[in-house]
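Asks: predicted model and sequence below, questions to follow.
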Amino acid sequence: MQSPHDWFKSSFSSVSGECVEVRLGDRVGMRDSKNPQGAVLDFPRDVWADFIASLKAE
């Protein structure tokens with residue numbers, strides 16, 4: 001089972017390392033996989049769900 005503190009990359013991530021990582025929990029975090037110690041974007045779960053839904057609608 002995944003911990004709310006686990007970061008993961010999409011299975012569609014490129015081998016060149018140009019991707020982001022996501023952490024799911026009470027809030028959703030997103031960061032640059034090449035700089036895991038850098039800035040983290042933090043979203044409420046409902047905002048993240050709306051974002052994902054809009055991507056799927058494309």
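Replies: Ah, there it is.
Asks: in the protein, where is pLDDT below threshold?
Replies: When residues are selected by pLDDT under 70, those of the chain lie in 1-5, 14, 16-17.
Asks: what sits against the closest residue to Gly38 other than its chain neighbours?
Replies: Excluding its sequence neighbours, the residue lying closest to Gly38 (CB to CB, 6 or more residues apart in numbering) is Asp32, at 5.9 Å. To be clear about C-beta, it is placed using only N, CA and C from the backbone, and glycine gets the same treatment. Contact analysis of Asp32 by CB atoms under 8 Å, 6 or more residues apart in numbering lists 20-21, 38-39.
Asks: can you tell me the SS state at the spatially most central residue of the chain?
Replies: In the chain, the centroid-proximal residue (CA atoms, centre = their mean) is Val22; its distance is 2.2 Å. State at Val22, reduced to three classes by DSSP: H, G, I helix; E, B strand; the rest coil: strand.
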